[in-house]
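[1] predicted model and sequence below, questions to follow.
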Amino acid sequence: MSVRRVRYYLFLKDILILSITSFGGPQAFLAMLLERMVKTRSYITEEELWELNALCNMLPGPSSTQLISAIGFRVGGPNLAYLALFVWILPATILMTSAALLISFLQENTPGALKFARFIQPMAIGFIIFAAQKTISKMVKTTEAMVLMLISAFVAFFYSSPYIFPVMLIFGGLSTSIKYKNQPKSEEDKSLVIKWSNFYLWAGVLIIAAIAGAITKWQPILLFENFYRNGSLIFGGGQVLVPYLYTEFVDFKHFLSSEEFLTGYAISQGIPGPTFSISSYIGALSMREFGSTGFIMGGLIAAAGIFLPGIFLIFFVIRFWDQLKLYRPVRAALEGINAVSCGMLIAAAYLLFEPLEANGLNILFILGTYSLLQFTKISSPMIISAGIVLGILANQFLG
């Protein structure tokens, strides 16, 4: 076996270890990548890691998954990158699809089964508020960005259609790109060379899925198109995905109840791997009418739909990123895109709270969860586990 092949196997083994141990959010994930990929294995340099991380955060899609694939691309080209993607998302996809099967089974066979999740549903909102606060503090730096954030939150409050989100993102990006002169000057290379194959692949899949879904009305194709479209529009990570999916699958299509959605989101915060894995849970429940096969098919279709567009786009951009990042309008547009994404997060916290009973206990768990995340070092899985245990005890003794 060649030295190169051994290195590739070792790389995939490292990805698998990360996929089952990466608790703690993006900061912990980056620290683990730095330790394993840079300091221990020397797959890339530390400078390359931060550069790739910045690039992935500037593109739509799951940034952690894109970063894993981008490192794989640098180490061994596209084939290794796709294998790394598969290894990275598989454990979380299996866990979230299994969670959907379990939730559905409990609901069908045990009346009031979701009472065990009575506390983790408001806790999920605490996670959203914490994510919103962290994201806003990082992304909203100017008055213009603050105004855009508030406008997008207002629009999302009153127009709960999945089609308003891409319009707002485009509006946000255009409104700040005109301020490109405020960006520091750089030596812009006018001879920008772009290889369009991966862009055509991304756009082609999107168009074909939309046309096929409109013609056939077949649920698996429609589901793939839904997730592929969402995966093509999400800037800002898994927390920004929540309002999109809630609006589309709970408010708009009624594939899930608010209770089921909040339970799934809370569970996704307690497992390792990419936060976008909540898509597998939603996809599985969206196909429940097809039985056990539908659950598995729905989970896999959702995973493919949500993760593929970001991977196609990172492979497209990474080839000319060193030139593209020199253009000031590109950098300026990100301010507005990020501000709109933050507005969606604010709206998500409200939209998710609205179906819950506005009692003191729910508010206590929301604030308590936020406080634990903000002021302690207790891990997300421990917080979620405690909420489940409390729910089981309350269900046992209080009914």
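    Noted; the coordinates are in hand.
[2] per-domain residue ranges of this protein.
    Domain ranges of the chain: 3-84, 92-397, per automatic domain parsing.
[3] and residue 329, how far is that from residue 140?
    20 Å (C-beta to C-beta, to the nearest Å). Just so you know, the C-beta spots here come from the backbone N, C-alpha and C atoms, and that holds for glycine as well.
[4] mean neighbour count and mean pLDDT for the domains of the chain - can I get that in TSV?
    Below are the domains of the chain laid out as TSV (neighbours: other C-beta atoms under 10 Å; pLDDT from 0 to 100):
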stretch	mean neighbour count	mean pLDDT
domain 3-84	18	80
domain 92-397	19	80
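[5] quick one: name whatever helix or strand follows the lengthiest helix in the chain.
    When the chain is parsed with DSSP state H, its longest helix is helix 63-109. Heading C-terminal from helix 63-109, the first helix or strand you meet, by DSSP states H and E, is helix 120-139.
[6] next SSE downstream of that following helix?
    As assigned by DSSP H and E, the chain's next helix or strand after helix 120-139 is helix 143-158.
[7] now do that next one: which elements does it pack against?
    Helices and strands touching helix 143-158, by 3 or more C-beta pairs under 8 Å, 6 or more residues apart in numbering; DSSP states H and E, are helix 164-177, helix 328-353.
[8] at 10 Å what do you get?
    For helix 143-158, the elements it packs on are helix 120-139, helix 164-177, helix 238-245, helix 328-353, judged by 3 or more C-beta pairs under 10 Å, 6 or more residues apart in numbering; DSSP states H and E.
[9] just send the ones you listed back as CSV, with distance to residue 385 too.
    Below are those laid out as CSV (distance: least, C-beta to C-beta, whole Å):
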stretch, distance to residue 385
helix 120-139, 9
helix 164-177, 33
helix 238-245, 20
helix 328-353, 21
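[10] so which of those helices comes closest to residue 215?
    Checking those against residue 215 by C-beta to C-beta gives helix 164-177 as the closest, at 22.3 Å.
[11] can you name the next helix or strand after the closest one?
    Taking DSSP H and E, what comes next after helix 164-177 is helix 197-216.
[12] that next one vs helix 63-109, what angle?
    Put simply, helix 197-216 runs at 20 degrees to helix 63-109, going by axes from the mean of the first three to the mean of the last three C-alpha atoms, to 10 degrees.
[13] quick check: next helix or strand after helix 197-216?
    Scanning onward from helix 197-216 (DSSP H and E), the first element met is helix 219-231.
[14] my read: residue 347 touches residue 155, true?
    Yes. Judged on C-beta atoms under 10 Å, residue 347 makes contact with residue 155 at a distance of 8.1 Å.
[15] hmm, back to that, so which of the helices and strands packed on helix 143-158 gets nearest residue 365?
    Residue 365 sits nearest to helix 120-139 of all the helices and strands packed on helix 143-158, at 4.2 Å, using C-beta to C-beta.
[16] list the helices and strands the closest one packs on?
    In terms of contacts (3+ C-beta pairs under 10 Å, 6+ apart), helix 120-139 is packed against helix 25-33, helix 143-158, helix 238-245, helix 258-268, helix 328-353, helix 360-375, helix 380-397.
[17] let's see 7 Å
    Applying 3 or more C-beta pairs under 7 Å, 6 or more residues apart in numbering; DSSP states H and E, we find helix 120-139 packed against helix 238-245, helix 258-268, helix 328-353, helix 360-375, helix 380-397.
[18] for residue 94, find the nearest of those helices.
    Residue 94 lies closest to helix 258-268 among the helices and strands packed on helix 120-139, at 13.0 Å (C-beta to C-beta).
[19] OK, contacts around the spatially closest residue to residue 338 that is not a sequence neighbour?
    Closest residue to residue 338 apart from its sequence neighbours, by C-beta to C-beta, 6 or more residues apart in numbering: residue 139 at 3.9 Å. Residue 139 sits next to 338-339, 342 when contact means C-beta atoms under 7 Å, 6 or more residues apart in numbering.
[20] distance to residue 285 added to those, as TSV?
    What follows is the contacts of residue 139, written out as TSV (distance: C-beta to C-beta, whole Å):
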residue	distance to residue 285
338	30
339	32
342	28
